[in-house]
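Peer 1: 3D model of this:
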Amino acid sequence: MNDIIYAKFSSQRKKEYKIITKISNADKGRAVTKEAKYPEGVSHLTQMIENAELLNEQFEGIPLKVLEGHMSGNLLTYDFVSGENLDDKISLLDDDNATSEIIKYFELILSSDKIVPFTVSDDFTVIFGECDGEWKSFEISNIDMIFENIILSNDEYIVIDSEWTFRFPIPLEFILYRCLLHSTRYNMLASECKDRILASLGLTSDDLDLFFEMEQKFQQYVKGDSLDLQEIHERINKHCNRLALYDENMINNDYSVYEDFELTFSGHTIDSVVDLNQIIKPETKLIKVQLNGYNGIIKIISVNALKGGQNIQIQDFETNAELIINNDYYFSAIPELIINNSDYEQISVKYEIIYKNSVIMEPFISSLKSENEYKLKSEDYQHKSEVYSNACNEYQNVIEELKNKCDDYVVQINKCGEDRDIYKSKMEEYQQAYNTLEEEINRIHETFTWKLSEKVNRIIRKA
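Peer 2: Predicted structure coming up:
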């Protein structure tokens with residue numbers, strides 16, 4: 001019966017790339033197995049065997065070998081390689097020696113006579129995007145030759161993972177850049193040591209920006225769904241809190257409880273999920289829980305208290321987190337949770353340490369804040385755009401209504417014009433009749449009878 005000592009499930013991937021990796025103790029010694037979670041992933045495992053063979057042919061002439069496995073049904077099995085992990089070796093060295101060891105590994109790879117100038121292919125562009133510049137490359141590219149995938153054994157560098165091997169050229173400088181991107185020790189080096197390593201590769205800040213974009217696109221390709229900045233950085237900084245192959249490297253978490261600034265409890269666990277329960281002394285006003293001894297990201301699952309024999313949820317607790325996304329709290333300092341006591345008899349805090357002790361935590365939080373602010377601004381602009389769009393639609397309706405009224409006024413004006421012509425014709429008729437009547441009256445006034453009657457009337461008025 002095999003005794004499993006390590007297991008990892010790559011869940012944040014496309015279906016065909018979801019792989020279960022196990023290390024187990026068997027009768028013949030330790031063995032490493034990879035199993036496809038779904039039938040679609042079997043061909044992915046088969047390709048790993050072919051890739052390892054092709055890579056070993058390519059690396060002939062330098063002390064760099066790729067571990068080869070064999071398929072048994074749907075299971076890919078490797079022999080367990082004993083030796084010193086390059087990542088572990090570098091982590092124990094001082095800055096100067098760590099820098100030299102990194103450059104030594106890079107120079108070993110760059111010494112291959114199989115290196116050719118990089119040429120862009122359609123397959124490359126689909127996964128990594130556009131890539132300008134003059135770079136070195138291999139015809140077959142294993143982009144996962146990072147330090148933690150290298151075992152030093154018998155004066156050889158053994159590559160224990162060839163999963164992400166592509167049968168087209170990829171800039172070799174990008175492959176070596178990924179070694180730095182996924183290295184804890186590199187991030188902790190003094191700036192002059194980092195500059196020395198980058199100079200050995202001839203990389204500029206623009207090159208680093210380009211390679212980071214390529215890394216993002218690669219992660220997008222592996223996962224399939226949208227990948228936000230948080231998930232990318234969790235992958236990049238997996239070294240901060242990863243489950244290693246050996247028991248002595250398991251997660252170590254220290255936590256403490258303070259009541260009115262007095263330490264009343266401290267604990268230790270190797271689990272990433274902590275379920276803390278603490279009886280509270282009467283008269284305590286302030287409860288402080290130190291969740292861990294390092295900065296990092298913590299998912300707060302629940303905060304409850306026992307009060308009057310009833311279990312209640314505490315929602316008004318405070319933390320020193322600089323950023324909160326859903327239930328994930330981002331701390332650049334030692335994480336603390338503060339509870340104002342309200343006659344609580346006991347508190348229960350359950351949380352998960354996602355990763356800890358990252359040297360890039362502060363800039364990481366800053367980048368997430370910027371992304372979050374951009375997202376909020378984008379949502380605000382989208383809302384304003386919708387408001388403006390609705391207003392424009394309303395204005396358009398008003399314009400249509402005014403246009404219809406204008407059309408009505410034109411009709412009425414035209415009708416008034418017709419009536420005016422009729423009125424004008426009538427007036428002309430009346431004026432003509434008036435003139436005719438006036439002429440007739442004047443004619444009457446000139447007659448003898450009219451003049452005689454006028455004289456008679458004057459005589460009568462005088463009498």
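
Peer 1: check contacts around S153.
Peer 2: V81, S82, G83, E84 (C-beta atoms under 8 Å, 6 or more residues apart in numbering). C-beta here means a position set from N, CA and C on the backbone, and glycine is covered the same way.

Peer 1: can you turn the buried part of the residues you listed into a PyMOL selection?
Peer 2: Selection of buried members from those for PyMOL, criterion 16 or more other C-beta atoms under 10 Å:
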select buried, resi 81
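
Peer 1: show me where the stretch 151-300 of the chain has strands.
Peer 2: In the stretch 151-300 of the chain, the segments counted as strands under DSSP state E, counting those that start in this stretch are 156-159, 165-166, 253-259, 262-269, 273-279, 286-290, 296-307.

Peer 1: so which of these is the most surrounded?
Peer 2: strand 165-166 (a mean of 20; mean count of other C-beta atoms under 10 Å).

Peer 1: which residues does it contact?
Peer 2: Here strand 165-166 has contacts from 47-48, 51-52, 54-55, 123-124, 127, 140-144, using C-beta under 8 Å, 6+ apart.

Peer 1: any quick ChimeraX command for the buried ones out of those residues?
Peer 2: Those of the contacts of strand 165-166 that count as buried under 16+ other C-beta under 10 Å are selected in ChimeraX with:
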select :48,51,52,54,55,124,127,140,141,142,143,144
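
Peer 1: quickly check the contacts of strand 165-166 for the two that are furthest apart.
Peer 2: Across the contacts of strand 165-166, the longest distance by C-beta to C-beta is 21.2 Å; it joins A52 and F124.

Peer 1: in CSV: the contacts of strand 165-166, plus secondary structure.
Peer 2: Formatted as CSV, the contacts of strand 165-166 follow (DSSP: H, G, I helix; E, B strand; the rest coil):
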residue, secondary structure
Q47, helix
M48, helix
N51, helix
A52, helix
L54, helix
L55, helix
D123, helix
F124, helix
I127, helix
I140, coil
S141, strand
N142, strand
I143, coil
D144, coil
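
Peer 1: re the thing from before, of the contacts of S153, which belong to strands?
Peer 2: With strands identified by DSSP state E, the entries of the contacts of S153 that belong to them are E84.

Peer 1: farthest-apart pair in the contacts of S153, please.
Peer 2: V81 and E84, at 10.5 Å, using C-beta to C-beta across the contacts of S153.

Peer 1: show me the common contact partners of the two, please.
Peer 2: I151, S153.

Peer 1: please, where are all the helices along this structure?
Peer 2: Taking DSSP state H, the helices of the chain run over residues 42-58, 86-91, 95-110, 122-128, 172-181, 184-188, 191-201, 205-223, 229-236, 361-445, 448-462.

Peer 1: related to what we said a few turns ago, comparing the strands of the stretch 151-300 of the chain by mean pLDDT, which bottoms out?
Peer 2: Mean pLDDT is lowest for strand 262-269 out of the strands of the stretch 151-300 of the chain, coming in at a mean of 84.

Peer 1: which residues sit against that strand?
Peer 2: Residues contacting strand 262-269 (C-beta under 8 Å, 6+ apart): N252, N253, D254, Y255, S256, V257, Y258, L276, Q278, K281.

Peer 1: ok, the second one to S91 distance?
Peer 2: Which is N253. 20 Å (C-beta to C-beta, to the nearest Å).

Peer 1: which of the strands of the stretch 151-300 of the chain sits closest to K217?
Peer 2: strand 165-166 (13.0 Å).

Peer 1: got a list of what V32 touches?
Peer 2: Residues near V32 by C-beta under 8 Å, 6+ apart: T21, K22, I23, G69, T77, Y78, D79, F80, I160.

Peer 1: now, of those, which are buried?
Peer 2: Of the contacts of V32, these count as buried by 16+ other C-beta under 10 Å: T21, K22, I23, G69, Y78, F80, I160.

Peer 1: tell me the one of those nearest K455?
Peer 2: The closest of those, once distances to K455 are taken by C-beta to C-beta, is T21, at 143.4 Å.

Peer 1: beta partners of the closest one?
Peer 2: K8, K34 (DSSP bridges).
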